[in-house]
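A.B. asks: coords below, sequence missing:
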């Protein structure tokens with residue numbers, strides 16, 4: 001693991017080796033709190049603008065059109081963005097015991113259910129896996145949000161992930177219910193969810209499937225593989241930052257479940273490949289706005305999981321933890337240094353953390369759904385996804401700086 005030395009250095013510089021480690025913790029917390037406040041002020045609203053005890057994340061700021069205009073009423077509904085917003089709010093509640101974040105997380109879960117026409121599910125397995133993870137974390141960390149309906153929803157989503165396993169087709173689980181594309185963005189979060197909800201064997205199977213079917217010669221993880229009607233399989237070798245993130249998360253959970261060093265070897269390889277191929281001057285590279293706005297933040301979340309939750313006693317785990325922490329902290333510093341400021345003095349983050357952010361306005365196109373994906377606004381900083389991603393990064397930096405472990409108690413979650 002000597003190749004990780006270059007990645008470890010930033011962690012040594014930014015975490016506890018400053019003259020005052022307490023001030024580093026305060027700084028990380030203050031930055032994350034500012035990002036949370038900005039999203040709450042600019043994006044969080046009641047469903048329909050009026051429904052009590054609900055929240056929903058507006059997909060753009062400024063919003064398109066006037067109140068009740070066609071542009072505003074038909075603004076894109078992005079289920080998986082909302083799931084990540086729940087996860088982000090849980091971070092704030094866990095790291096700072098922020099009551100507003102906890103209350104908004106519960107209200108947002110109600111809002112998602114209402115906005116999704118009184119359903120927790122949809123046709124996309126990756127979407128459902130993300131919401132399942134958000135529900136699981138909310139239930140585990142914010143006990144007063146874990147009502148009966150949320151527990152039933154979590155079990156429903158967990159069972160959907162488990163039952164979609166399709167070895168007869170060469171899977172994996174597919175991207176969506178009507179598809180034969182088996183991809184990392186569905187199998188990665190599904191593996192993490194199953195590991196945390198009492199389905200350890202399938203979780204490890206999914207991690208192994210990703211490694212066996214989607215590992216590239218570069219060491220990175222490919223997007224997915226098509227299973228064609230004639231039985232042939234076609235690899236889509238496109239690489240995305242969030243694919244590396246969920247693979248790291250799945251392997252971290254698999255190691256916690258099994259203790260097998262093979263999972264540490266995979267984490268080592270992915271970390272080195274990410275540092276070599278998916279950073280700019282050591283900063284995780286961006287993927288624009290729209291759906292791509294979330295990609296780097298997802299990688300940051302699971303880098304932080306490696307940094308905080310790999311068991312310290314495992315051989316080589318210390319180097320892996322430090323390398324992952326270094327990537328998070330370098331990116332967090334860059335994102336903060338390159339932020340813009342809105343008229344209320346709150347931060348606005350860009351899609352590329354190594355470049356200065358721009359302050360958006362209401363001109364130009366807002367994010368729009370095209371097929372199964374969401375296209376960026378003409379100014380990506382306008383997109384909720386971009387702001388959530390930076391928020392996740394800054395909360396990941398808090399996790400690394402204060403040593404906040406995702407898991408407590410048993411190394412094998414119930």
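C.D. replies: Perfect, thanks for sending it. No experiment lies behind these values; they were computed from the predicted model shown.

A.B. asks: what's the closest residue to residue 238 other than its chain neighbours in contact with, if anything?
C.D. replies: If you skip the residues right next to it in sequence, residue 238 has residue 223 as its closest partner in space, 4.4 Å away by CB to CB, 6 or more residues apart in numbering. C-betas here are computed from N, CA, C, even on glycine. Under the criterion of CB atoms under 8 Å, 6 or more residues apart in numbering, the contact list for residue 223 reads 183, 184, 185, 214, 236, 237, 238, 239, 240, 243.

A.B. asks: ok, of those residues, which one's closest to residue 78?
C.D. replies: Taking CB to CB as the measure, residue 185 is the one of these closest to residue 78, at 14.4 Å.

A.B. asks: measure that closest one to residue 203 for me?
C.D. replies: Shown here: residue 185 relative to residue 203, a distance of 16 Å by CB to CB, to the nearest Å.

A.B. asks: I figured residue 138 hits residue 104, correct?
C.D. replies: No. Using CB atoms under 8 Å, residue 138 is not in contact with residue 104, being 11.0 Å away.

A.B. asks: phi, psi of the residue nearest to residue 238?
C.D. replies: Recorded main-chain torsions at residue 223 are phi -70, psi -50, according to degrees, to the nearest 10.

A.B. asks: ok, now residue 359?
C.D. replies: Backbone torsions for residue 359, taken as degrees, to the nearest 10, come to phi -90, psi 120.

A.B. asks: give the contact list for the nearest residue to it once chain neighbours are set aside.
C.D. replies: In this structure, residue 359 finds its nearest non-sequential neighbour in residue 340, 4.7 Å apart by CB to CB, 6+ apart. If you count contacts by CB under 8 Å, 6+ apart, residue 340 has them with 347, 348, 349, 350, 356, 357, 358, 359, 381.

A.B. asks: can you rerun that using 6 Å?
C.D. replies: Residues in contact with residue 340, defined by CB atoms under 6 Å, 6 or more residues apart in numbering, are 348, 357, 359.

A.B. asks: mind putting those in TSV, pLDDT and distance to residue 91 included?
C.D. replies: Putting the contacts of residue 340 into TSV (pLDDT from 0 to 100; distance: CB to CB, whole Å) gives the following:
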residue	pLDDT	distance to residue 91
348	98	19
357	98	21
359	97	25
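
A.B. asks: Drop anything exposed from those residues.
C.D. replies: Of the members of these, the ones counted as buried by neighbours, 16 or more other CB atoms under 10 Å, are 348, 357.

A.B. asks: Make a markdown table out of the contacts of residue 340 and add distance to residue 387.
C.D. replies: As requested, the contacts of residue 340 are exported to a markdown table (distance: CB to CB, whole Å):
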| residue | distance to residue 387 |
| --- | --- |
| 348 | 7 |
| 357 | 10 |
| 359 | 12 |
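
A.B. asks: Among the contacts of residue 340, which one sits closest to residue 333?
C.D. replies: Checking those one by one against residue 333 (CB to CB), the nearest turns out to be residue 357, at 14.3 Å.

A.B. asks: host element of that closest one?
C.D. replies: With the criterion set as DSSP states H and E, no secondary-structure element contains residue 357; it sits in neither a helix nor a strand.

A.B. asks: any idea how far it is from residue 337?
C.D. replies: When CB to CB is the yardstick, residue 357 and residue 337 sit 10 Å from each other.
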